[in-house]
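Trainee: Could you look at this predicted model? Sequence included:
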There are 2 protein chains.
Amino acid sequence: MKLIYTGKTKDVYALEDGNYLLQFKDDVTGENGVFDPGANTVGLTMEGAGKAGLRLTKFFFEKLAVAGIPTHYIDADIEKATMTVKPATVFGQGLEVICRYRAVGSFLRRYGMYAEEAQPLDAFVEVTIKDDARQDPPISEDALDMLGILTLGEYKELKELTQKIAAIVKDELAKKEIELYDIKFEFGRLADKQIVLIDEISGGNMRAYKKGEYIEPLKLEQLMLED
Amino acid sequence: MKLIYTGKTKDVYALEDGNYLLQFKDDVTGENGVFDPGANTVGLTMEGAGKAGLRLTKFFFEKLAVAGIPTHYIDADIEKATMTVKPATVFGQGLEVICRYRAVGSFLRRYGMYAEEAQPLDAFVEVTIKDDARQDPPISEDALDMLGILTLGEYKELKELTQKIAAIVKDELAKKEIELYDIKFEFGRLADKQIVLIDEISGGNMRAYKKGEYIEPLKLEQLMLED
């Protein structure tokens, strides 16, 4: 087992059978000790964050499998905080695909002239480039196509998959009377070129609210996984 | 004649017949005394900039009329540095529509991970919101539609018009062995809802190069309008 990548919130190891092992860490993104799913830096370390994130990821990836939505997920070991996944290559150097149900975060910072805080949005999808040095700029489907990152057909598929997956997460949260405001995903291509959801679906990927109050990732994971 | 708006590079007056008069000024956008068509501040004042900008605008708007492309242009008085135009309403609080033939400026600042400086781009169109406080953020067609600024059909029309107009400008520059790198336009709706090009087409709207050397707006206007 060979360490091939050290990420902000997880490490990636190559397994001998060709699959990969993701080691979830207790680090979460944010700034100055405050959690922010849109941040590019590790803001704080929370004991148990890795395992809690993995438990929620396992929960959602298994729901997606039942719904017939392709992901890189194979299985998870909660005790060790590891997840085994199929090998996938990302688009370009990696993209984030965001689905928004309410106007918060970078959407509001960009379009505040036309949107009010927490205004409902109709499963709005946008893509940003993973590029810490350039603050993850948003990119249009025409630019993705022209720069050879995604074809227009792949963009359409990605957008549809994003809206389907976000709707499943939203429905699961709604069962606990929690409202999903926005969520970000990563996608990749399997060896056979199929586009699949990769990475994780945990509290760190989304903004969730209960009775108008923001719920921290660890609290969200606890609320979602208690009986 | 009533002053109704004071802009960075021109003032707008309402005429008694319902049309508008644009008074071109000698101020150009930039920062710290250096011209930058992408800037939101007046960077410097150049004597004759207003008249030169108007002369080039008149030249291009008359070319567009011949090509059957709708604009707000009625006529121009070079001596007074004024242009008479039809009334038009902008989309939302105003948009800028950019057409790019080479990767420079904000495109390169955003997508430098995937593009090299001056790399050819295939008449790439993007829209930014006119919002000085938020540094004119780019916006996707889906966001324009969702926020009620433009419908998807209007976006398509705007993109096609932009590519047609940019091609005409590019061809005119090429006759003087000048290469158009990028250009920005503004559009509006006439009373009958027709989408037309508004504002101006002058050196301040574009980046043009000759033998790999950037040409300043005043120099460009001089090169384009000499025999």
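Mentor: That came in fine, so what should we check first?

Trainee: any idea how chain A splits into domains?
Mentor: Following automatic domain parsing, one finds the domains of chain A at A:2-85, A:91-216.

Trainee: Determine how far the last one lies from the middle of the whole chain.
Mentor: Using Cα atoms, centre = their mean, to the nearest Å, the distance from the centre of domain A:91-216 to the centre of the chain it belongs to is 8 Å.

Trainee: As a check, name the ranges of all helices in chain A.
Mentor: A:49-66, A:105-111, A:141-146, A:152-174, A:217-225 (DSSP state H).

Trainee: confidence score at the residue lying closest to A:Y155 once chain neighbours are set aside?
Mentor: Leaving aside its sequence neighbours, A:Y155 sits nearest to A:E141 (Cβ to Cβ, 6 or more residues apart in numbering or on different chains; 4.3 Å). No exception for glycine: its C-beta is placed from N, CA and C like everyone else's. Looking at A:E141, its pLDDT is 97.

Trainee: Pull up the residues of chain A that are close to chain B.
Mentor: Proximity of chain A to chain B (Cβ under 8 Å from any Cβ of the partner chain) is limited to residues A:92-93, A:109-115, A:121-122, A:124-126, A:129, A:131, A:134, A:137-143, A:146-149.

Trainee: which residue is nearest the middle of chain A?
Mentor: A:F185 (3.4 Å; Cα atoms, centre = their mean).

Trainee: Could you pull up the contacting residues of that one?
Mentor: A:F185 sits next to A:E96, A:V97, A:I98, A:C99, A:T162, A:I165, A:A166, A:L197, A:D199, A:I201, A:N205 when contact means Cβ atoms under 8 Å, 6 or more residues apart in numbering or on different chains.

Trainee: same thing but 6 Å
Mentor: A:V97, A:T162, A:L197 (Cβ atoms under 6 Å, 6 or more residues apart in numbering or on different chains).

Trainee: Then A:Q194?
Mentor: Residues near A:Q194 by Cβ under 6 Å, 6+ apart: A:P70.

Trainee: likewise A:P87?
Mentor: A:Y20.

Trainee: How about A:T45?
Mentor: A:D26, A:D27.

Trainee: If it is in a bridge, with which residues?
Mentor: A:D27 (DSSP bridges).

Trainee: ok, now how distant is A:I4 from A:D17?
Mentor: Relative to A:D17, A:I4 is positioned 15 Å away (Cβ to Cβ, to the nearest Å).

Trainee: Between those two, which has more neighbouring residues?
Mentor: When A:I4 and A:D17 are compared on other Cβ atoms under 10 Å in any protein chain shown, the one with more neighbours turns out to be A:I4, at 11 against 7.

Trainee: Tell me how many other residues crowd the nearest residue to A:R189 once chain neighbours are set aside.
Mentor: Closest residue to A:R189 in three dimensions, ignoring its sequence neighbours and counting by Cβ to Cβ, 6+ apart: A:T89, at 5.4 Å. Residue neighbour count, defined by other Cβ under 10 Å, stands at 12 for A:T89.

Trainee: Would you mind measuring from A:T89 to B:G18?
Mentor: 60 Å.
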